[in-house]
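>>> I would like the atomic coordinates for the input below:
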Amino acid sequence: MSRWKQLDRCIRDRDLVDKEFTAELLGRACGIRTWEATTWIQSYKYAQRKGRTDHVIFRVPHTRGFNTVWRFGTKEADVTRIAILPTIDYAWLVGQLTLDLRSMAALDPQLQEKAQEAITTLELTVRLLAALSE
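Below you'll find the model as predicted:
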């Protein structure tokens, strides 16, 4: 049985439909290691993008990396959660880039004006994305 089908069966058997979980929690619930749960999740995402699944698994906003929280469902609220993910991710990235640009400007004062212009542009794009996703 494929990984994505194993994930589908485990989520249904463990009543995790429309609930949030981490790869670690999923691994414990399904009796597999965390890294295996991660491969199951990625396999499911691939299958859902090919139209093979009955549900959608997606990353919950404001979570990433090792502490990523996932949700398995197809509710109206899930559509909203997925739609705002790019804005949230981009806002986080802009925050990181802003820190980098400020560090560059601190190391080379000649870059201060150019760095501030870049920061302003990045911040404006975050505001624009936020306005468009409302």
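
>>> how close does the spatially most central residue of the chain get to Ala106?
For the chain, the residue sitting closest to the mean C-alpha position, by C-alpha atoms, centre = their mean, is Arg59 at 4.3 Å. Arg59 is 34 Å from Ala106, where distance means C-beta to C-beta, to the nearest Å. Just so you know, the C-beta spots here come from the backbone N, C-alpha and C atoms, and that holds for glycine as well.

>>> repeat for Trp70
Distance from Trp70 to Ala106, counting by C-beta to C-beta: 39 Å.

>>> neighbour count winner among those two?
More crowded of Trp70 and Ala106, by other C-beta atoms under 10 Å: Trp70, with 23 against 11.

>>> Pretty sure that one sits against Leu25.
No. Trp70 sits out of contact with Leu25 when judged by C-beta atoms under 8 Å, with a separation of 9.2 Å.

>>> Which elements pack onto the lowest-mean-pLDDT helix or strand in the chain?
The helix or strand of the chain with the lowest confidence, counting by mean pLDDT, DSSP states H and E, is strand 70-73 at a mean of 90. Here strand 70-73 touches strand 20-21, strand 56-59, going by 3 or more C-beta pairs under 8 Å, 6 or more residues apart in numbering; DSSP states H and E.

>>> what's next to that strand, contact-wise?
For strand 70-73, contacts defined as C-beta atoms under 8 Å, 6 or more residues apart in numbering pick out 11, 16-23, 26, 41, 55-60, 78, 81.

>>> ok, of these, which come out buried?
Buried members of the contacts of strand 70-73, scored by 16 or more other C-beta atoms under 10 Å, are 11, 16, 21-23, 26, 41, 55-60, 78, 81.

>>> ok, these vs Arg102, which is closest?
Closest approach between those and Arg102, by C-beta to C-beta: Arg59, at 28.6 Å.

>>> Could you report the neighbour count for the nearest residue to the closest one once chain neighbours are set aside?
Spatial nearest neighbour of Arg59, excluding adjacent residues (C-beta to C-beta, 6 or more residues apart in numbering): Thr68 at 5.6 Å. Neighbour count of Thr68, defined by other C-beta under 10 Å: 15.
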